[in-house]
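**Q** give me the fold of what follows.
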Amino acid sequence: MHESTARIEISSDAAEIYYLALKPEEGLLPGGRSSAQVILAGDRLMIWIEARDTTALRAAVNSFIRWCIAVMRCIGEVVGVGRK
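**A** Sure, this is the predicted structure:
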């Protein structure tokens, strides 16, 4: 088995938003070759991914990176509302 852990330290409010957005993606990922766990500890979000092979690990890591970018963009849009 191959594994990867990402630790993201952000404000506790933003960490909770990321956690709630990513939590539904937890568990056995599509294809059944990898699984993920999302953990919130204060202002630290941790994403743990385990996969049968490096290809599946890379795909899962890339998916979570893209989901984090999507959350970041959504937060930016919400925070940016009303500015100008």
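
**Q** next, name the residue at the spatial heart of the protein.
**A** A centroid search over the chain (C-alpha atoms, centre = their mean) returns Phe64, at 4.5 Å, as the residue closest to the centre.

**Q** ok, for that residue, nearest residue in space, not its chain neighbours?
**A** In this structure, Phe64 finds its nearest non-sequential neighbour in Ile47, 5.5 Å apart by C-beta to C-beta, 6 or more residues apart in numbering. Quick note: C-beta positions are derived from backbone N, CA and C, even for glycine.

**Q** thought Glu50 was touching Met1, still the case?
**A** Yes. In this structure, Met1 sits in contact with Glu50. The criterion is C-beta atoms under 8 Å, and the distance is 5.6 Å.

**Q** more crowded one of those two?
**A** Ranked by neighbour count (other C-beta atoms under 10 Å), Met1 and Glu50 place Glu50 first, with 18 against 9.

**Q** list the beta-bridge partners for the more buried one.
**A** In this structure, Glu50 has beta-bridge partners Glu3, Ser35, where bridges are defined by DSSP bridges.

**Q** could you say what helices and strands the helix or strand containing the residue nearest to Phe64 packs with?
**A** Taking DSSP states H and E as the definition, Ile47 sits inside strand 44-51. When contacts are defined as 3 or more C-beta pairs under 8 Å, 6 or more residues apart in numbering; DSSP states H and E, strand 44-51 sits against strand 2-9, helix 12-22, strand 34-41, helix 54-80.

**Q** poorly predicted segments of this protein, please.
**A** Low-confidence segments of the chain, defined by pLDDT under 70: 81-84.
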